[in-house]
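Trainee: Need a 3D model of the sequence below.
(4 chains)
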There are 2 protein chains.
Amino acid sequence: MKRIADSTVRRLSLYLRFLEAFEREGRATISSGELATSGGTTSAQVRKDLSSFGSFGKRGMGYSIRELTVAIREILGLAHDWRVVIVGAGKIGAALAQYAGFRDRGFHVVGVFDSDPRRIGLALDGLTVADAATLEADVRQLQAEMAVIAVPADAAQSVVDRVVMAGIHAILDFSTASIAVPPTVTLRTMNVAVELEILSFALTNR
Amino acid sequence: MKRIADSTVRRLSLYLRFLEAFEREGRATISSGELATSGGTTSAQVRKDLSSFGSFGKRGMGYSIRELTVAIREILGLAHDWRVVIVGAGKIGAALAQYAGFRDRGFHVVGVFDSDPRRIGLALDGLTVADAATLEADVRQLQAEMAVIAVPADAAQSVVDRVVMAGIHAILDFSTASIAVPPTVTLRTMNVAVELEILSFALTNR
DNA sequence: CATAGATTGTGAATGATTTCACAAGCACCC
DNA sequence: GGGTGCTTGTGAAATCATTCACAATCTATG
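Mentor: Alright, predicted model coming up:
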(Lines give C-alpha, C1' and ligand atoms only; values in the text may rest on other atoms or scores of the structure.)
Protein backbone atom coordinates (compact mmCIF):
# COMPACT_ATOMS: atom_id res chain seq x y z
CA MET A 1 0.00 0.00 0.00
CA LYS A 2 1.32 3.41 -0.87
CA ARG A 3 2.07 5.82 1.91
CA ILE A 4 -0.97 7.63 3.30
CA ALA A 5 -0.65 11.28 4.25
CA ASP A 6 -1.26 12.26 7.81
CA SER A 7 -3.76 14.85 6.64
CA THR A 8 -5.74 12.13 4.90
CA VAL A 9 -5.98 10.02 8.06
CA ARG A 10 -7.08 13.04 10.07
CA ARG A 11 -9.84 13.78 7.57
CA LEU A 12 -11.01 10.17 7.57
CA SER A 13 -11.43 10.44 11.31
CA LEU A 14 -13.54 13.56 10.82
CA TYR A 15 -15.62 11.99 8.07
CA LEU A 16 -16.34 9.13 10.45
CA ARG A 17 -17.84 11.56 12.95
CA PHE A 18 -20.10 13.14 10.35
CA LEU A 19 -21.18 9.75 9.03
CA GLU A 20 -22.15 8.68 12.54
CA ALA A 21 -24.15 11.87 13.00
CA PHE A 22 -25.92 11.37 9.66
CA GLU A 23 -26.62 7.75 10.54
CA ARG A 24 -28.23 8.84 13.81
CA GLU A 25 -30.45 11.15 11.77
CA GLY A 26 -31.58 8.12 9.81
CA ARG A 27 -30.00 9.09 6.49
CA ALA A 28 -29.06 6.16 4.25
CA THR A 29 -26.73 7.68 1.67
CA ILE A 30 -24.50 10.72 1.31
CA SER A 31 -22.55 12.31 -1.52
CA SER A 32 -18.92 13.35 -1.41
CA GLY A 33 -20.14 16.94 -1.70
CA GLU A 34 -22.22 16.78 1.46
CA LEU A 35 -19.45 15.09 3.38
CA ALA A 36 -17.08 17.78 2.14
CA THR A 37 -19.36 20.56 3.35
CA SER A 38 -19.52 19.03 6.83
CA GLY A 39 -15.77 18.69 6.96
CA GLY A 40 -14.85 22.04 5.43
CA THR A 41 -13.16 20.55 2.41
CA THR A 42 -13.99 19.75 -1.23
CA SER A 43 -15.78 16.82 -2.81
CA ALA A 44 -12.68 15.93 -4.83
CA GLN A 45 -10.67 15.77 -1.63
CA VAL A 46 -13.16 13.40 -0.03
CA ARG A 47 -13.10 11.11 -3.06
CA LYS A 48 -9.31 11.22 -3.27
CA ASP A 49 -9.00 10.40 0.42
CA LEU A 50 -11.19 7.34 0.02
CA SER A 51 -9.66 6.26 -3.28
CA SER A 52 -6.38 5.34 -1.56
CA PHE A 53 -8.24 2.49 0.11
CA GLY A 54 -10.73 1.30 -2.45
CA SER A 55 -13.98 2.14 -4.14
CA PHE A 56 -16.84 2.61 -1.73
CA GLY A 57 -19.46 4.64 -3.58
CA LYS A 58 -21.99 4.16 -6.36
CA ARG A 59 -21.78 6.56 -9.28
CA GLY A 60 -24.81 8.76 -9.47
CA MET A 61 -25.85 7.70 -5.96
CA GLY A 62 -23.13 8.56 -3.48
CA TYR A 63 -22.09 6.41 -0.54
CA SER A 64 -24.09 4.14 1.71
CA ILE A 65 -23.59 5.74 5.11
CA ARG A 66 -23.71 2.37 6.81
CA GLU A 67 -21.13 0.78 4.52
CA LEU A 68 -18.79 3.75 4.46
CA THR A 69 -18.85 3.96 8.26
CA VAL A 70 -17.82 0.32 8.51
CA ALA A 71 -15.14 0.77 5.83
CA ILE A 72 -13.55 3.80 7.51
CA ARG A 73 -13.64 2.17 10.90
CA GLU A 74 -11.85 -0.77 9.34
CA ILE A 75 -9.27 1.49 7.66
CA LEU A 76 -8.54 3.36 10.88
CA GLY A 77 -8.18 0.12 12.82
CA LEU A 78 -11.25 0.78 14.95
CA ALA A 79 -12.82 -2.61 14.31
CA HIS A 80 -11.57 -3.67 17.72
CA ASP A 81 -11.03 -1.77 20.95
CA TRP A 82 -7.65 -0.48 22.06
CA ARG A 83 -6.21 -0.78 25.54
CA VAL A 84 -4.85 2.56 26.76
CA VAL A 85 -2.90 3.57 29.86
CA ILE A 86 -2.73 7.12 31.13
CA VAL A 87 0.45 8.21 32.88
CA GLY A 88 0.00 11.26 35.09
CA ALA A 89 -3.13 11.72 37.22
CA GLY A 90 -2.95 15.48 37.53
CA LYS A 91 -5.65 17.79 36.19
CA ILE A 92 -5.32 16.74 32.56
CA GLY A 93 -4.68 13.05 33.22
CA ALA A 94 -7.63 12.82 35.60
CA ALA A 95 -9.92 14.66 33.20
CA LEU A 96 -8.96 12.28 30.40
CA ALA A 97 -9.39 9.19 32.60
CA GLN A 98 -12.92 10.27 33.40
CA TYR A 99 -13.80 11.29 29.87
CA ALA A 100 -16.53 8.91 28.77
CA GLY A 101 -16.28 9.76 25.08
CA PHE A 102 -12.99 7.93 25.20
CA ARG A 103 -14.31 4.51 26.00
CA ASP A 104 -17.39 5.02 23.82
CA ARG A 105 -15.13 5.38 20.81
CA GLY A 106 -13.27 2.14 21.43
CA PHE A 107 -10.41 3.40 23.58
CA HIS A 108 -10.50 1.53 26.85
CA VAL A 109 -8.52 3.05 29.67
CA VAL A 110 -7.05 0.06 31.52
CA GLY A 111 -4.69 1.85 33.88
CA VAL A 112 -3.82 5.25 35.35
CA PHE A 113 -0.42 5.88 36.92
CA ASP A 114 1.24 8.58 38.95
CA SER A 115 4.34 8.84 41.08
CA ASP A 116 2.92 11.30 43.61
CA PRO A 117 1.91 9.44 46.81
CA ARG A 118 -0.97 11.87 47.29
CA ARG A 119 -2.51 10.67 44.04
CA ILE A 120 -1.74 6.96 44.22
CA GLY A 121 -4.86 5.14 45.33
CA LEU A 122 -7.31 7.81 44.17
CA ALA A 123 -10.41 6.40 42.50
CA LEU A 124 -11.08 7.76 39.04
CA ASP A 125 -14.25 6.50 37.46
CA GLY A 126 -13.76 2.84 38.34
CA LEU A 127 -9.98 2.88 38.12
CA THR A 128 -7.50 3.31 40.93
CA VAL A 129 -4.40 5.41 40.37
CA ALA A 130 -1.45 3.01 40.52
CA ASP A 131 2.13 3.69 41.50
CA ALA A 132 4.24 4.57 38.47
CA ALA A 133 7.19 2.78 40.07
CA THR A 134 6.06 -0.48 38.47
CA LEU A 135 4.94 1.10 35.21
CA GLU A 136 6.79 -1.22 32.82
CA ALA A 137 5.60 -4.45 34.43
CA ASP A 138 2.03 -3.18 34.81
CA VAL A 139 1.81 -1.97 31.22
CA ARG A 140 2.88 -5.40 30.01
CA GLN A 141 0.56 -7.17 32.38
CA LEU A 142 -2.39 -4.99 31.32
CA GLN A 143 -1.51 -5.65 27.68
CA ALA A 144 -1.83 -1.95 26.93
CA GLU A 145 -1.23 -0.88 23.34
CA MET A 146 -1.31 2.90 23.65
CA ALA A 147 -0.15 5.39 26.27
CA VAL A 148 -1.33 8.90 27.03
CA ILE A 149 1.33 10.99 28.72
CA ALA A 150 0.12 13.79 31.01
CA VAL A 151 3.12 14.43 33.24
CA PRO A 152 5.24 17.58 33.74
CA ALA A 153 7.67 18.41 30.94
CA ASP A 154 10.78 17.37 32.85
CA ALA A 155 9.43 13.88 33.49
CA ALA A 156 7.99 13.29 30.01
CA GLN A 157 11.01 11.84 28.20
CA SER A 158 11.73 9.35 30.95
CA VAL A 159 8.09 8.21 31.11
CA VAL A 160 8.02 7.84 27.33
CA ASP A 161 11.21 5.78 27.42
CA ARG A 162 9.66 3.51 30.01
CA VAL A 163 6.40 2.84 28.18
CA VAL A 164 8.36 2.23 24.98
CA MET A 165 10.48 -0.26 26.91
CA ALA A 166 7.24 -1.90 27.99
CA GLY A 167 6.28 -2.51 24.37
CA ILE A 168 4.03 0.48 23.64
CA HIS A 169 4.16 1.68 20.01
CA ALA A 170 1.65 4.54 20.06
CA ILE A 171 1.85 7.55 22.36
CA LEU A 172 -0.26 10.65 22.78
CA ASP A 173 1.74 13.29 24.61
CA PHE A 174 0.16 16.24 26.42
CA SER A 175 3.39 17.54 27.87
CA THR A 176 5.15 20.58 26.47
CA ALA A 177 8.50 18.83 26.20
CA SER A 178 10.22 17.80 23.00
CA ILE A 179 10.26 14.02 23.02
CA ALA A 180 12.36 11.55 21.04
CA VAL A 181 11.14 8.05 20.24
CA PRO A 182 12.50 5.18 18.15
CA PRO A 183 11.26 5.13 14.55
CA THR A 184 8.98 2.16 15.25
CA VAL A 185 6.98 4.25 17.73
CA THR A 186 4.33 6.76 16.69
CA LEU A 187 4.19 9.84 18.87
CA ARG A 188 1.59 12.56 18.64
CA THR A 189 1.71 15.73 20.67
CA MET A 190 -1.16 17.93 21.81
CA ASN A 191 0.16 21.23 23.05
CA VAL A 192 -2.34 23.87 24.13
CA ALA A 193 0.31 26.59 24.31
CA VAL A 194 1.32 26.03 20.69
CA GLU A 195 -2.29 26.26 19.54
CA LEU A 196 -2.82 29.48 21.49
CA GLU A 197 0.33 30.93 19.96
CA ILE A 198 -0.94 30.08 16.49
CA LEU A 199 -4.11 31.97 17.40
CA SER A 200 -2.00 34.85 18.66
CA PHE A 201 -0.19 34.94 15.32
CA ALA A 202 -3.49 34.91 13.45
CA LEU A 203 -4.84 37.83 15.49
CA THR A 204 -1.63 39.78 15.07
CA ASN A 205 -1.17 39.27 11.34
CA ARG A 206 -4.67 39.43 9.96
CA MET B 1 3.58 40.12 3.53
CA LYS B 2 3.25 36.85 1.71
CA ARG B 3 1.06 34.20 3.21
CA ILE B 4 2.68 32.16 5.99
CA ALA B 5 2.03 28.44 6.17
CA ASP B 6 0.39 27.07 9.25
CA SER B 7 3.20 24.57 9.62
CA THR B 8 5.71 27.42 9.71
CA VAL B 9 3.87 29.16 12.55
CA ARG B 10 3.65 25.91 14.50
CA ARG B 11 7.41 25.39 14.14
CA LEU B 12 8.15 28.96 15.21
CA SER B 13 6.22 28.28 18.39
CA LEU B 14 8.35 25.17 18.98
CA TYR B 15 11.59 27.02 18.25
CA LEU B 16 10.58 29.57 20.83
CA ARG B 17 10.36 26.85 23.48
CA PHE B 18 13.81 25.54 22.66
CA LEU B 19 15.28 29.00 22.61
CA GLU B 20 13.86 29.68 26.06
CA ALA B 21 15.33 26.42 27.33
CA PHE B 22 18.73 27.27 25.84
CA GLU B 23 18.55 30.74 27.32
CA ARG B 24 17.89 29.27 30.76
CA GLU B 25 21.01 27.17 30.29
CA GLY B 26 22.93 30.38 29.72
CA ARG B 27 23.76 29.82 26.07
CA ALA B 28 24.23 33.00 24.03
CA THR B 29 24.04 31.83 20.42
CA ILE B 30 22.67 28.88 18.48
CA SER B 31 22.95 27.64 14.91
CA SER B 32 20.06 26.65 12.67
CA GLY B 33 21.38 23.10 12.84
CA GLU B 34 21.11 22.88 16.61
CA LEU B 35 17.65 24.39 16.60
CA ALA B 36 16.67 21.90 13.92
CA THR B 37 17.89 18.95 15.97
CA SER B 38 15.80 20.08 18.95
CA GLY B 39 12.73 20.45 16.80
CA GLY B 40 13.13 17.32 14.72
CA THR B 41 13.56 19.17 11.46
CA THR B 42 16.38 20.37 9.18
CA SER B 43 18.60 23.41 9.33
CA ALA B 44 17.35 24.57 5.95
CA GLN B 45 13.80 24.41 7.25
CA VAL B 46 14.67 26.56 10.24
CA ARG B 47 16.33 29.17 8.06
CA LYS B 48 13.47 29.12 5.54
CA ASP B 49 10.94 29.57 8.34
CA LEU B 50 12.75 32.61 9.65
CA SER B 51 13.48 34.07 6.23
CA SER B 52 9.79 34.86 5.68
CA PHE B 53 10.11 37.47 8.40
CA GLY B 54 13.57 38.89 8.02
CA SER B 55 17.18 38.18 8.60
CA PHE B 56 18.03 37.40 12.20
CA GLY B 57 21.34 35.56 12.13
CA LYS B 58 24.98 36.33 11.56
CA ARG B 59 26.74 34.29 8.90
CA GLY B 60 29.40 32.11 10.41
CA MET B 61 27.98 32.70 13.89
CA GLY B 62 24.37 31.60 14.05
CA TYR B 63 21.65 33.40 15.96
CA SER B 64 21.76 35.38 19.18
CA ILE B 65 19.38 33.42 21.40
CA ARG B 66 18.26 36.58 23.14
CA GLU B 67 17.53 38.44 19.92
CA LEU B 68 15.88 35.54 18.15
CA THR B 69 13.62 34.93 21.15
CA VAL B 70 12.47 38.52 21.07
CA ALA B 71 12.00 38.40 17.30
CA ILE B 72 9.89 35.24 17.33
CA ARG B 73 7.80 36.51 20.23
CA GLU B 74 7.19 39.64 18.20
CA ILE B 75 6.29 37.63 15.09
CA LEU B 76 3.86 35.43 16.99
CA GLY B 77 2.23 38.43 18.62
CA LEU B 78 3.40 37.50 22.10
CA ALA B 79 4.89 40.88 22.89
CA HIS B 80 1.79 41.63 24.91
CA ASP B 81 -0.53 39.39 26.96
CA TRP B 82 -3.82 38.09 25.63
CA ARG B 83 -7.08 38.06 27.53
CA VAL B 84 -8.77 34.67 27.33
CA VAL B 85 -12.15 33.39 28.46
CA ILE B 86 -12.93 29.73 28.99
CA VAL B 87 -16.47 28.57 28.32
CA GLY B 88 -17.35 25.29 30.01
CA ALA B 89 -16.16 24.50 33.54
CA GLY B 90 -16.33 20.72 33.28
CA LYS B 91 -13.29 18.50 33.63
CA ILE B 92 -11.38 19.95 30.70
CA GLY B 93 -12.43 23.55 31.20
CA ALA B 94 -11.54 23.44 34.91
CA ALA B 95 -8.20 21.78 34.22
CA LEU B 96 -7.36 24.49 31.69
CA ALA B 97 -8.47 27.30 34.00
CA GLN B 98 -6.10 26.03 36.67
CA TYR B 99 -3.22 25.36 34.30
CA ALA B 100 -0.49 27.75 35.33
CA GLY B 101 1.59 27.29 32.18
CA PHE B 102 -1.16 29.21 30.49
CA ARG B 103 -0.75 32.50 32.26
CA ASP B 104 3.03 32.13 32.39
CA ARG B 105 3.10 32.17 28.63
CA GLY B 106 1.12 35.37 28.31
CA PHE B 107 -2.39 34.00 28.12
CA HIS B 108 -4.37 35.52 30.94
CA VAL B 109 -7.62 33.77 31.80
CA VAL B 110 -10.02 36.58 32.66
CA GLY B 111 -13.25 34.62 32.89
CA VAL B 112 -14.72 31.12 33.16
CA PHE B 113 -18.34 30.45 32.25
CA ASP B 114 -20.79 27.60 32.57
CA SER B 115 -24.55 27.21 32.30
CA ASP B 116 -24.86 24.47 34.92
CA PRO B 117 -26.08 25.96 38.24
CA ARG B 118 -23.99 23.40 40.12
CA ARG B 119 -20.84 24.87 38.63
CA ILE B 120 -21.71 28.56 38.68
CA GLY B 121 -19.98 30.16 41.65
CA LEU B 122 -17.24 27.54 41.96
CA ALA B 123 -13.82 29.00 42.67
CA LEU B 124 -11.12 28.00 40.22
CA ASP B 125 -7.71 29.33 41.05
CA GLY B 126 -8.77 32.86 41.83
CA LEU B 127 -11.63 32.99 39.35
CA THR B 128 -15.29 32.35 40.00
CA VAL B 129 -17.31 30.42 37.44
CA ALA B 130 -19.84 32.88 36.01
CA ASP B 131 -23.24 32.20 34.52
CA ALA B 132 -23.02 31.73 30.78
CA ALA B 133 -26.39 33.43 30.40
CA THR B 134 -24.67 36.81 30.17
CA LEU B 135 -21.72 35.54 28.12
CA GLU B 136 -21.82 38.16 25.36
CA ALA B 137 -21.98 41.15 27.67
CA ASP B 138 -19.34 39.75 30.02
CA VAL B 139 -16.93 38.91 27.22
CA ARG B 140 -17.18 42.48 25.97
CA GLN B 141 -16.87 43.92 29.43
CA LEU B 142 -13.79 41.78 30.17
CA GLN B 143 -12.29 42.83 26.84
CA ALA B 144 -11.45 39.23 26.07
CA GLU B 145 -9.68 38.54 22.79
CA MET B 146 -9.65 34.75 22.68
CA ALA B 147 -12.07 32.06 23.79
CA VAL B 148 -11.46 28.45 24.74
CA ILE B 149 -14.52 26.28 24.23
CA ALA B 150 -14.85 23.22 26.46
CA VAL B 151 -18.55 22.45 26.33
CA PRO B 152 -20.41 19.34 25.09
CA ALA B 153 -20.61 18.89 21.33
CA ASP B 154 -24.27 19.82 21.04
CA ALA B 155 -23.72 23.19 22.72
CA ALA B 156 -20.48 24.08 20.94
CA GLN B 157 -21.82 25.80 17.82
CA SER B 158 -24.16 28.02 19.80
CA VAL B 159 -21.44 29.01 22.26
CA VAL B 160 -19.08 29.78 19.38
CA ASP B 161 -21.74 31.91 17.71
CA ARG B 162 -22.18 33.84 20.93
CA VAL B 163 -18.51 34.59 21.54
CA VAL B 164 -18.14 35.60 17.89
CA MET B 165 -21.07 37.93 18.37
CA ALA B 166 -19.24 39.35 21.38
CA GLY B 167 -16.30 40.30 19.17
CA ILE B 168 -13.94 37.34 19.66
CA HIS B 169 -11.80 36.53 16.60
CA ALA B 170 -9.74 33.59 17.87
CA ILE B 171 -11.19 30.38 19.26
CA LEU B 172 -9.65 27.18 20.56
CA ASP B 173 -12.24 24.43 20.50
CA PHE B 174 -11.99 21.25 22.57
CA SER B 175 -15.39 19.92 21.62
CA THR B 176 -15.81 17.11 19.12
CA ALA B 177 -18.34 19.00 17.06
CA SER B 178 -17.81 20.43 13.61
CA ILE B 179 -18.00 24.18 13.99
CA ALA B 180 -18.55 26.89 11.40
CA VAL B 181 -17.21 30.42 11.88
CA PRO B 182 -17.15 33.54 9.69
CA PRO B 183 -13.95 33.92 7.63
CA THR B 184 -12.70 36.71 9.88
CA VAL B 185 -12.54 34.31 12.83
CA THR B 186 -9.71 31.83 13.37
CA LEU B 187 -10.81 28.54 14.86
CA ARG B 188 -8.50 25.77 15.98
CA THR B 189 -9.72 22.42 17.18
CA MET B 190 -8.05 20.03 19.61
CA ASN B 191 -9.73 16.68 19.40
CA VAL B 192 -8.32 13.85 21.49
CA ALA B 193 -10.45 11.25 19.72
CA VAL B 194 -9.04 12.22 16.34
CA GLU B 195 -5.47 11.94 17.61
CA LEU B 196 -6.17 8.53 19.12
CA GLU B 197 -7.68 7.38 15.84
CA ILE B 198 -4.58 8.51 13.98
CA LEU B 199 -2.56 6.40 16.43
CA SER B 200 -4.93 3.51 15.82
CA PHE B 201 -4.32 3.84 12.08
CA ALA B 202 -0.58 3.90 12.63
CA LEU B 203 -0.65 0.74 14.74
CA THR B 204 -2.90 -1.01 12.26
CA ASN B 205 -1.01 -0.13 9.10
CA ARG B 206 2.61 -0.31 10.11
C1' DC C 1 45.34 42.11 6.35
C1' DA C 2 44.75 37.72 4.13
C1' DT C 3 43.25 33.14 4.99
C1' DA C 4 40.50 29.42 7.16
C1' DG C 5 36.40 27.75 9.01
C1' DA C 6 31.66 28.26 9.96
C1' DT C 7 26.99 29.34 9.05
C1' DT C 8 23.45 32.21 7.01
C1' DG C 9 20.03 33.44 3.38
C1' DT C 10 17.94 32.09 -0.76
C1' DG C 11 17.01 30.74 -5.64
C1' DA C 12 16.26 26.30 -7.88
C1' DA C 13 14.92 21.50 -7.64
C1' DT C 14 12.32 18.16 -5.74
C1' DG C 15 8.52 16.13 -3.42
C1' DA C 16 3.80 16.14 -1.54
C1' DT C 17 -0.87 17.51 -1.52
C1' DT C 18 -4.83 19.56 -3.45
C1' DT C 19 -7.71 20.85 -7.14
C1' DC C 20 -9.40 20.32 -11.80
C1' DA C 21 -11.89 18.19 -15.19
C1' DC C 22 -13.97 14.55 -17.39
C1' DA C 23 -15.03 9.69 -18.80
C1' DA C 24 -17.52 5.94 -16.68
C1' DG C 25 -21.37 4.12 -14.32
C1' DC C 26 -25.65 4.04 -11.92
C1' DA C 27 -30.88 4.93 -11.13
C1' DC C 28 -34.86 6.82 -12.67
C1' DC C 29 -38.23 7.94 -16.10
C1' DC C 30 -40.83 7.77 -20.21
C1' DG D 1 -34.35 0.32 -23.85
C1' DG D 2 -32.53 4.75 -24.69
C1' DG D 3 -32.11 9.28 -22.70
C1' DT D 4 -31.30 12.35 -18.65
C1' DG D 5 -29.27 13.80 -14.55
C1' DC D 6 -26.13 12.92 -11.00
C1' DT D 7 -22.09 11.44 -8.80
C1' DT D 8 -18.03 8.62 -8.51
C1' DG D 9 -13.10 7.52 -9.42
C1' DT D 10 -8.92 9.15 -11.23
C1' DG D 11 -5.20 10.86 -14.35
C1' DA D 12 -3.26 15.44 -15.18
C1' DA D 13 -2.36 20.08 -13.71
C1' DA D 14 -1.66 23.32 -10.29
C1' DT D 15 -0.35 24.69 -5.95
C1' DC D 16 2.12 24.37 -1.76
C1' DA D 17 6.03 22.80 1.27
C1' DT D 18 10.54 20.94 1.92
C1' DT D 19 15.19 20.04 0.72
C1' DC D 20 19.33 21.03 -1.86
C1' DA D 21 23.25 23.50 -2.82
C1' DC D 22 26.05 27.32 -2.93
C1' DA D 23 27.48 32.29 -2.96
C1' DA D 24 27.78 35.69 0.60
C1' DT D 25 29.60 37.10 4.77
C1' DC D 26 30.81 36.81 9.44
C1' DT D 27 34.72 35.88 13.31
C1' DA D 28 39.01 34.37 14.70
C1' DT D 29 43.72 33.83 14.04
C1' DG D 30 48.43 34.50 12.94
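Trainee: All the helices of chain A, in order from the start?
Mentor: With helices called from DSSP state H, chain A shows them at A:6-24, A:32-39, A:43-51, A:65-76, A:91-97, A:100-104, A:135-142, A:153-165, A:192-204.
Trainee: TSV please, covering those helices and showing mean neighbour count.
Mentor: Quick note: C-beta positions are derived from backbone N, CA and C, even for glycine. Below are those laid out as TSV (neighbours: other C-beta atoms under 10 Å in any protein chain shown):
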stretch	mean neighbour count
helix A:6-24	18
helix A:32-39	19
helix A:43-51	17
helix A:65-76	19
helix A:91-97	22
helix A:100-104	13
helix A:135-142	16
helix A:153-165	17
helix A:192-204	22
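Trainee: would you turn these into TSV with distance to chain B?
Mentor: Below are these laid out as TSV (distance: least, C-beta to the nearest C-beta, whole Å):
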stretch	distance to chain B
helix A:6-24	4
helix A:32-39	6
helix A:43-51	12
helix A:65-76	5
helix A:91-97	4
helix A:100-104	6
helix A:135-142	15
helix A:153-165	9
helix A:192-204	3
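Trainee: and those helices, which one's lowest on average pLDDT?
Mentor: The weakest mean pLDDT among the helices of chain A belongs to helix A:100-104, with a mean of 80.
Trainee: hmm, who's touching it?
Mentor: A:Val84, A:Leu96, A:Val109, B:Thr176, B:Val192, B:Ala193, B:Leu196 (C-beta atoms under 8 Å, 6 or more residues apart in numbering or on different chains).
Trainee: Spit out the contact partners of the residue most central in space within chain A.
Mentor: By C-alpha atoms, centre = their mean, chain A has its centre lying nearest to A:Leu172, at 7.3 Å. For A:Leu172, the contacting residues are A:Met146, A:Ala147, A:Val148, A:Ile149, A:Arg188, A:Thr189, A:Met190, B:Val192, B:Glu195, B:Leu196, B:Leu199, by C-beta under 8 Å, 6+ apart.
Trainee: about what we covered before: can you lay out the contacts of helix A:100-104 as CSV showing distance to B:Arg47?
Mentor: Output for those, formatted as CSV (distance: C-beta to C-beta, whole Å):
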residue, distance to B:Arg47
A:Val84, 39
A:Leu96, 38
A:Val109, 43
B:Thr176, 38
B:Val192, 34
B:Ala193, 37
B:Leu196, 35
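Trainee: ok, now which ones touch the residue of chain A positioned farthest from its centre?
Mentor: Using C-alpha atoms, centre = their mean, the residue of chain A lying farthest from its centre is A:Gly60. It sits 34.0 Å away. By C-beta under 8 Å, 6+ apart, A:Gly60 lies in contact with nothing.
Trainee: if we can go back for a sec, specify which member of the contacts of A:Leu172 is nearest to A:Ser55.
Mentor: For those, the residue nearest A:Ser55 by C-beta to C-beta is B:Leu199; the value is 26.8 Å.
Trainee: how far away is that closest one from B:Thr189?
Mentor: Distance, B:Leu199 to B:Thr189, using C-beta to C-beta, to the nearest Å: 17 Å.
Trainee: Determine the longest strand present in chain A.
Mentor: strand A:107-114 (DSSP state E).
Trainee: Pull the distance from that strand to the chain's centre.
Mentor: 14 Å (C-alpha atoms, centre = their mean, to the nearest Å).
Trainee: does stretch A:39-47 come close to DNA strand D?
Mentor: Yes. For stretch A:39-47 and DNA strand D, the contact criterion (C-beta under 7 Å from any atom of the strand) is met by A:Ser43, A:Ala44, A:Arg47.
Trainee: Next, format these as TSV and append distance to A:Phe22.
Mentor: Converted to TSV, the residues of stretch A:39-47 next to DNA strand D look like this (distance: C-beta to C-beta, whole Å):
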residue	distance to A:Phe22
A:Ser43	16
A:Ala44	20
A:Arg47	17
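Trainee: Also within reach of DNA strand C: list those from the residues you listed.
Mentor: Subset of the residues of stretch A:39-47 next to DNA strand D in contact with DNA strand C: A:Ala44, A:Arg47, counting by C-beta under 7 Å from any atom of the strand.
Trainee: Pick the one among the residues of stretch A:39-47 next to DNA strand D closest to B:Arg24.
Mentor: Distances from B:Arg24 to those, taken by C-beta to C-beta, are shortest for A:Ala44, at 48.2 Å.
Trainee: Just want to check the distance between the nearest residue to the closest one once chain neighbours are set aside and A:Gly62.
Mentor: Nearest residue to A:Ala44, sequence neighbours excluded (C-beta to C-beta, 6 or more residues apart in numbering or on different chains): A:Ser32, at 7.8 Å. Distance of A:Ser32 to A:Gly62, computed by C-beta to C-beta: 7 Å.
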